[in-house]
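>>> fold the following for me, if possible:
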Amino acid sequence: MSDNVLYYGDNLDVMRRYIKDETADLVYLDPPFNSNADYNVLFAEKNGGQAASQIRAFKDTWTWNIESEETYADMVMSGGRTANCLQAFRTILGECDMLAYLVMMAPRLVELRRVMKPAAGIYLHCDPAAGHYLKMLMDAVFGADNFRNEIIWKRTSAHSGSRRWGPVHDVILFYTKSDDYVWYPVFQDYSEEYLERFYRFSDAKGRYRSGDLTGAGKRTGDSGKPWRGVDPTDSGRHWAVPNKVLQELFPEECENWSVQEKLDALDGAGLIIWPMKGRIPSFKRYYNENAGVPITDVITDINPIGAQAAERLGYPTQKPVALLERILKAGSKPGDLVLDPFCGCGTTIAAAENLGRRWIGIDITHLAITLIKTRIRDSFGDSLNFSVLGEPVSLPDAQALAASDPYQFQWWALGLVGARPVEQKKGADKGIDGRIVFMGDNPGSFENVILSVKAGHVGVAHVRDLKGVIERENAVVGVLISMREATSAMRTEAVSAGFYESKNWGKKYPRIQLLTISELLAGKTIDMPPLRQVSATFKKAPKIKTKAPDNGRLF
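Reported below is the predicted structural model:
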């Protein structure tokens with residue numbers, strides 16, 4: 001198995017088949033919550049208008065069924081704490097949707113523990129509706145002694161609640177595989193309020209605060225002797241010299257100095273604050289931009305992704321890159337391997353790549369894999385090497401996917417040409433499976449390419465239908481992607497549709513184009529204005545300059 005791999009498929013199957021024991025240095029997962037919600041992936045239109053199309057990427061509803069029963073039986077028969085936990089859940093909850101969700105998660109958590117290195121940590125992102133159950137399940141799988149934190153992320157500022165406190169946070173459960181785990185201190189910047197309150201003074205060297213030069217209690221040695229007319233014992237205290245500062249300023253000389261000589265050196269460096277006569281002097285503690293506040297288990301300084309944020313890609317459960325970078329910095333170092341088994345739109349992957357970590361991502365939808373590939377290309381360029389496993393690479397593979405899951409086949413086929421899937425709503429006009437939007441000849445204008453995907457039989461009627469669709473939609477090009485070769489009658493009908501002429505590019509493009517899966521796998525593309533330069537199909541991820549390795553600072 002090579003580094004930097006995207007897997008298409010069920011993460012349980014992928015982990016069991018492809019990921020070896022003790023592989024991952026850190027695991028982050030944001031599994032779909034059991035919130036009884038249908039999530040739609042929204043794509044913002046590039047003309048500034050409201051998003052008009054949406055795709056139901058996954059249905060976040062879990063129902064107790066035969067598959068749940070079989071998984072439950074397998075887990076219980078394996079014995080151990082996890083089996084006991086699931087049996088207790090069934091006693092308390094009964095055969096409900098929540099139990100189905102927990103039964104789905106149990107074997108995946110067991111596999112995740114297997115693939116984690118002994119010093120690895122795991123961060124499970126969940127909402128409060130399932131968090132308490134998941135915590136008990138994590139206790140069973142990883143051991144209650146290996147629970148480290150329940151991290152609270154304030155994901156929104158205001159949220160009205162009907163006869164309850166407004167729900168504004170998510171929960172991230174942090175566990176480790178063993179007691180001997182890695183931890184890298186991470187600091188967040190001081191707030192401006194903190195700086196104004198504590199670093200109130202300034203001089204030519206910068207902002208500083210007043211720090212104690214004495215400690216509680218009397219001493220009989222040098223630290224209890226007077227210095228420049230000030231006797232700390234009069235106040236029941238002793239001199240407490242900041243030796244770390246002295247080591248930085250006088251690394252060799254200060255080792256054999258008396259306390260009074262150290263105080264002289266600090267005064268000579270301008271680091272002593274002399275108060276009114278009769279009071280004890282203090283120490284100038286300058287603000288260090290490389291210092292900060294150690295991270296805590298309540299995160300309030302990372303905002304959710306705003307509607308207009310450049311980072312926003314339109315994925316419903318997308319998390320901020322800053323949140324993932326904080327987690328990765330605390331639990332891994334550059335070169336470590338990060339695993340995300342529910343990688344969605346690839347935020348963990350983007351954060352890992354940005355921080356110099358290796359990564360593995362798994363997702364069960366081709367739509368997610370397409371979004372991630374587009375995001376990686378936009379953010380890091382074409383030079384980044386990674387593998388995609390589980391996607392069809394031959395015509396038999398494509399035929400097998402079409403037979404097992406027509407929607408996944410459709411999303412995969414559209415992904416081959418960089419097209420955005422379009423949801424077919426009940427009662428809506430048929431004929432549009434995907435769309436590519438690109439900038440037109442006039443500034444601010446946009447043109448559409450309409451796509452239709454057919455896995456089965458195709459004939460001339462499909463071409464006529466596509467011609468009607470592009471006229472109805474006022475699109476400039478229509479593309480029929482099929483598993484089978486086009487007939488001569490289909491090609492004749494396609495030619496009769498004429499051409500779209502781009503003045504900017506000085507070229508004519510066939511209005512109806514017929515492409516087969518075999519041709520796409522061989523590298524053939526849609527004949528249209530250069531996609532990479534003018535595409536407005538997917539929300540473009542911002543270009544990322546890979547950060548120099550730095551585990552301690554957040555910003």
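>>> what about residue 453, helix or strand, and which?
Per DSSP states H and E: residue 453 is located in strand 446-454.
>>> buried sites along the next helix or strand after that strand?
Sequence order places helix 460-473 as the next helix or strand after strand 446-454, per DSSP H and E. For helix 460-473, the neighbour count (16 or more other Cβ atoms under 10 Å) marks 460, 462, 463, 464, 466, 467, 469, 470 as buried. All C-beta spots, glycine's among them, are computed from the backbone N, C-alpha and C.
>>> what does the next helix or strand after helix 460-473 contact?
Moving toward the C-terminus from helix 460-473, the next helix or strand (DSSP H and E) is strand 477-482. Residues from elsewhere that reach strand 477-482 (Cβ atoms under 8 Å, 6 or more residues apart in numbering): 413-414, 416-417, 449-455, 458, 462-463, 466-467, 469-470, 486, 494, 497, 500, 509-517, 520, 526, 528.
>>> on that earlier part again, next, format the buried residues of helix 460-473 as a markdown table and append distance to residue 173.
Below are the buried residues of helix 460-473 laid out as a markdown table (distance: Cβ to Cβ, whole Å):
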| residue | distance to residue 173 |
| --- | --- |
| 460 | 58 |
| 462 | 50 |
| 463 | 54 |
| 464 | 56 |
| 466 | 50 |
| 467 | 55 |
| 469 | 48 |
| 470 | 50 |
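>>> report how many residues lie close to residue 346.
Residue 346 is flanked by 28 other residues according to other Cβ atoms under 10 Å.
>>> my bad, should have said residue 195
There are 14 residues near residue 195, going by other Cβ under 10 Å.
>>> could you do residue 354 as well?
Neighbour tally, residue 354, other Cβ under 10 Å: 18.
>>> distance-wise, check it relative to residue 26.
Using Cβ to Cβ, to the nearest Å, residue 354 is found at 15 Å from residue 26.
>>> phi, psi of the nearest residue to residue 6 once chain neighbours are set aside?
The shortest distance from residue 6 to any residue other than its chain neighbours is 4.6 Å, reached at residue 388 (Cβ to Cβ, 6 or more residues apart in numbering). For residue 388, the backbone dihedrals (degrees, to the nearest 10) come out as phi -120, psi 120.
>>> tell me the pLDDT at residue 388?
Residue 388 is assigned 86 on the pLDDT scale.
>>> related to what we said a few turns ago, now for the buried residues of helix 460-473: which two are most distant?
Farthest-apart pair in the buried residues of helix 460-473 is 460 and 470; separation 16.0 Å (Cβ to Cβ).
>>> which other residues reach stretch 271-288?
190, 195, 199, 201, 203, 205-214, 230, 232, 235, 237, 242, 245, 263, 266, 270.
>>> and those residues, which of them are buried?
Burial by neighbour count, judged by 16+ other Cβ under 10 Å, picks out 190, 199, 207-210, 213-214, 230, 232, 237, 242, 245, 263, 266 from those.
>>> next step: those residues restricted to helices.
245, 263, 266 (DSSP state H).
>>> in TSV, list those residues along with pLDDT and distance to residue 279.
What follows is these, written out as TSV (pLDDT from 0 to 100; distance: Cβ to Cβ, whole Å):
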residue	pLDDT	distance to residue 279
245	88	22
263	93	15
266	93	17
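>>> residue ranges of the strands in the stretch 351-500 of the chain, please?
Per DSSP state E, counting those that start in this stretch, the stretch 351-500 of the chain carries strands over the ranges 358-363, 387-389, 420-421, 434-439, 446-454, 477-482, 499-502.
>>> distance to residue 163 and mean neighbour count for those - can I get that in JSON lines?
Listed next are these as JSON lines, based on distance: least, Cβ to Cβ, whole Å; neighbours: other Cβ atoms under 10 Å:
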{"stretch": "strand 358-363", "distance to residue 163": "37", "mean neighbour count": "26"}
{"stretch": "strand 387-389", "distance to residue 163": "48", "mean neighbour count": "14"}
{"stretch": "strand 420-421", "distance to residue 163": "39", "mean neighbour count": "26"}
{"stretch": "strand 434-439", "distance to residue 163": "43", "mean neighbour count": "22"}
{"stretch": "strand 446-454", "distance to residue 163": "46", "mean neighbour count": "22"}
{"stretch": "strand 477-482", "distance to residue 163": "51", "mean neighbour count": "25"}
{"stretch": "strand 499-502", "distance to residue 163": "57", "mean neighbour count": "16"}
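>>> which of these has the lowest mean pLDDT?
strand 420-421 (a mean of 81).
>>> give the other helices and strands that that one contacts.
helix 406-416, strand 434-439 (3 or more Cβ pairs under 8 Å, 6 or more residues apart in numbering; DSSP states H and E).
>>> now do the phi/psi pair for residue 512.
phi -120, psi 130.
>>> gap between it and residue 272?
In terms of Cβ to Cβ, residue 512 sits 84 Å off from residue 272.
>>> now do residue 62
66 Å.
>>> neighbours of the residue nearest to residue 99 when sequence neighbours are not counted, just the number please.
Closest residue to residue 99 apart from its sequence neighbours, by Cβ to Cβ, 6+ apart: residue 93 at 4.7 Å. Neighbours of residue 93 under the rule other Cβ under 10 Å: 15.
>>> what does residue 382 give?
Residue 382: 8 neighbours (other Cβ under 10 Å).
>>> list of residues touching stretch 85-104?
Against stretch 85-104 from outside (Cβ under 8 Å, 6+ apart): 34, 36, 61-65, 68, 71-72, 75-76, 106, 130, 133-134, 136-137, 139-140.
>>> stretch 502-516 too?
With Cβ under 8 Å, 6+ apart, stretch 502-516 has contacts from 417, 441, 463, 466-467, 470, 476-486, 490-491, 493-495, 497-501, 524, 526-530.
>>> buried stuff in stretch 333-342?
Buried-residue list, stretch 333-342, by 16+ other Cβ under 10 Å: 333, 336, 337, 338, 339, 340, 341, 342.
>>> can you pull out the low-pLDDT segments for the chain?
Along the chain, segments meeting pLDDT under 70 span 1-2, 33-61, 158-161, 278, 289-291, 305-317, 423-430, 531-555.
>>> the longest strand seen in it pairs with which strands, and in what direction?
The longest strand of the chain (DSSP state E) is strand 116-126. Its sheet considered, strand 116-126 pairs with strand 24-29 (parallel), strand 169-176 (antiparallel) by DSSP bridges.
>>> look up how far residue 410 lies from residue 374.
17 Å.
>>> who has more neighbours out of the two?
A direct count of neighbours by other Cβ under 10 Å for residue 374 and residue 410 places residue 410 higher, at 24 against 21.
>>> which residue is the nearest non-sequential neighbour of the more buried one?
Nearest to residue 410 is residue 453, by Cβ to Cβ, 6+ apart, at 4.8 Å.
>>> nearest residue to the middle of this structure?
residue 347 (2.5 Å; Cα atoms, centre = their mean).
>>> quick check: phi and psi at that residue.
phi -60, psi -40.
>>> next, residue 108: secondary structure please.
Classification of residue 108 by DSSP: H, G, I helix; E, B strand; the rest coil places it in helix.
>>> quick one: residues contacting it.
If you count contacts by Cβ under 8 Å, 6+ apart, then residue 108 has 11, 12, 15, 31, 341 around it.
>>> now those in TSV, with distance to residue 82 and secondary structure?
Listed next are those as TSV, based on distance: Cβ to Cβ, whole Å; DSSP: H, G, I helix; E, B strand; the rest coil:
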residue	distance to residue 82	secondary structure
11	17	helix
12	14	helix
15	16	helix
31	16	coil
341	17	coil
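>>> buried only: go through those for me.
11, 12, 15, 31, 341.
>>> just the closest of these to residue 366, please.
residue 11 (14.7 Å).
>>> ok, now which ones touch that closest one?
108, 341, 342, 362, 363, 364.
>>> show me what the fifth one is bridged to.
Looking back up the chat, that one is residue 363. residue 8.
>>> what are the ranges of the helices in the stretch 251-400 of the chain?
259-268, 321-331, 347-354, 366-380, 395-404 (DSSP state H, counting those that start in this stretch).
>>> next, the angle strand 446-454 makes with the last one.
Using axes from the mean of the first three to the mean of the last three Cα atoms, to 10 degrees, the direction of helix 395-404 lies 90 degrees away from that of strand 446-454.
>>> sweet, I'm off.
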